[in-house]
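1. below: sequence and its predicted model.
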Amino acid sequence: MILRTIDMHTGGEPTRIILEGWPRLEAPTLLGKRREAREKHDHLRRALMHEPRGHAEMYGALLVPPDHPEADLAVLFLHNEGYSTMCGHATIALARWAVDTGRVPRTEPETTVRLQCPCGLVTAHVVIRGGRAGRVRFESVPGFAFALDAIVPTETWGPVTVDIGYGGAFYAFLDAASIGLDVHATPIRALVDAGETIAETVRRFVPLQHPDDPDLAFLYGTIFTDGGTGAASPSRNVCIFAGRQVDRSPTGSGVTARIALQVARRQTRLGQTCTYESVTSAHFTGHAVRETTAGGRKAVIVEVAGEAHYTGESMFRLEDDDPLRWGFRI
């Protein structure tokens, strides 16, 4: 079996775009295709995300036929634990790739790419300068504050207060200093341990609901912040997601959720640009474009912007007699 991919990164966070070799998914909807991939072809996800072809922090994007009438292309997001519903860094990479490859005809000064994600339709705009695709900005699905000041009991820190926001996926947010950590100085391993513990606790004590589909109602991870808003100066955030992965980018869906929370707290106004910094010092900018609703909840449409770059092109071979062809984790 041969699987062909293009590899990119956004702020250091990988996106392995799967072009060929994956069996056709027959489900009529994208969420149905997500379930089908998980139930019938998960060995292929493991083969490309896990070692020896991937690594502990690998992230993937599987292109599939869209079922949304306005979409240019559709995608399933893959990682070491399973399948996400939204990914901002991969959206930025896919939008640039779609323009570079002619999947979407190039227009100057910007080319619009409409990407169907499991959470809904995402509209990206790719800046064209000198005939080359560059910075990408995208408007995601409505972001909203699900819970403010939710208190969850932990064995390590006692009661911990978190905000829960949705930006295509749900995240638990907290200032790292509230539990004695520092997003600039605390070793990453300690942040990972804390983030996974908090996520597991929130999953036990805070039932999530999404107005569109029950498949969207799951906590993706924990995002630690430095307590800032990103308005006056870049604010660092560290996202721990999908079974202890650390996002190298500032987390596009997390930026959407974070701005939605800041608007709900009146810390950020419509149109105000905020800048967020990742563990690699990469920056995403974001701002709330307009107000909307999501199932009766107050919500905002957020625009997020960043840049993606190519890292390679691969043709992976899976030999029938290879006992590790479906990947492994240590």
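-> Arrived safely, thanks for sending.

2. for the nearest residue to residue 65 once chain neighbours are set aside, give the beta-bridge partners.
-> Leaving aside its chain neighbours, residue 65 sits nearest to residue 74 (6.4 Å; criterion: Cβ to Cβ, 6 or more residues apart in numbering). For the C-beta atoms, the positions are set from N, CA and C on the backbone; glycine is no exception. Following DSSP bridges, residue 74 is listed with bridge partners residue 64, residue 116.

3. neighbours around residue 74, how many?
-> 20 (other Cβ atoms under 10 Å).

4. pLDDT score for it?
-> Residue 74 is assigned a predicted lDDT (pLDDT) of 97.

5. surely it is in contact with residue 119?
-> No - taking contacts as Cβ atoms under 8 Å, residue 74 lies outside contact range of residue 119: 11.8 Å.

6. follow-up on the earlier one: how far away is the residue nearest to residue 65 from residue 39?
-> 19 Å (Cβ to Cβ, to the nearest Å).

7. how is the chain divided into domains?
-> 2-136+310-316, 142-308 (the TED database).

8. and these as CSV, adding distance to residue 329?
-> Putting the domains of the chain into CSV (distance: least, Cβ to Cβ, whole Å) gives the following:
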stretch, distance to residue 329
domain 2-136+310-316, 5
domain 142-308, 9
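
9. between those, which gets nearest to residue 328?
-> Nearest to residue 328, of all the domains of the chain, is domain 2-136+310-316, at 5.7 Å by Cβ to Cβ.

10. now that closest one: how far from the chain's centre is it?
-> Distance of domain 2-136+310-316 from its chain centroid, counting by Cα atoms, centre = their mean, to the nearest Å, is 11 Å.

11. how about low-confidence regions in the chain?
-> For the chain, no stretch has pLDDT under 70.

12. what about the longest helix in it?
-> helix 188-205 (DSSP state H).

13. neighbouring strands of the very next helix or strand once past that helix in the sheet, and parallel or not?
-> Remark: after helix 188-205, the chain's next helix or strand is strand 219-225, criterion DSSP states H and E. Applying DSSP bridges to the sheet, strand 219-225 is found paired with strand 170-175 (parallel), strand 235-241 (antiparallel).

14. Throw the ones you listed into JSON lines and include mean neighbour count and distance to residue 304, thanks.
-> Shown next, in JSON lines, are the strands paired with strand 219-225 (neighbours: other Cβ atoms under 10 Å; distance: least, Cβ to Cβ, whole Å):
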{"stretch": "strand 170-175", "mean neighbour count": "24", "distance to residue 304": "14"}
{"stretch": "strand 235-241", "mean neighbour count": "25", "distance to residue 304": "13"}
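
15. ok, the residue nearest to residue 65 to residue 216 distance?
-> Taking Cβ to Cβ, one finds residue 74 at 16 Å from residue 216.

16. for the residue most central in space within the chain, which non-adjacent residue is spatially closest?
-> A centroid search over the chain (Cα atoms, centre = their mean) returns residue 87, at 2.5 Å, as the residue closest to the centre. Among residues not flanking residue 87 along the chain, residue 77 sits closest, at 4.5 Å (Cβ to Cβ, 6+ apart).

17. any idea how far that neighbour lies from residue 189?
-> 25 Å.

18. who's more crowded, these two?
-> residue 77 (26 against 10).

19. residue 327 contacts residue 56, correct?
-> No - when contacts are counted by Cβ under 8 Å, residue 327 is not listed as touching residue 56 (11.4 Å).

20. which one of these two has more residues nearby?
-> Legend: neighbour count by other Cβ under 10 Å for residue 327 and residue 56, higher for residue 327 (20 against 14).

21. neighbours of the nearest residue to that one once chain neighbours are set aside, just the number please.
-> Among residues not flanking residue 327 along the chain, residue 50 sits closest, at 3.1 Å (Cβ to Cβ, 6+ apart). Counted with other Cβ under 10 Å, residues neighbouring residue 50 total 19.

22. just residue 293 next, same as before
-> 12.

23. cool, and the one 3 residues further on?
-> Here the count is done by other Cβ under 10 Å, and residue 296 has 7 residues near it.

24. buried stuff in the host helix or strand of residue 98?
-> Applying DSSP H and E as the criterion places residue 98 in helix 88-100. Neighbour counts using 16 or more other Cβ atoms under 10 Å place 88, 89, 90, 91, 92, 93, 94, 95, 96, 97, 98, 99 of helix 88-100 among the buried residues.
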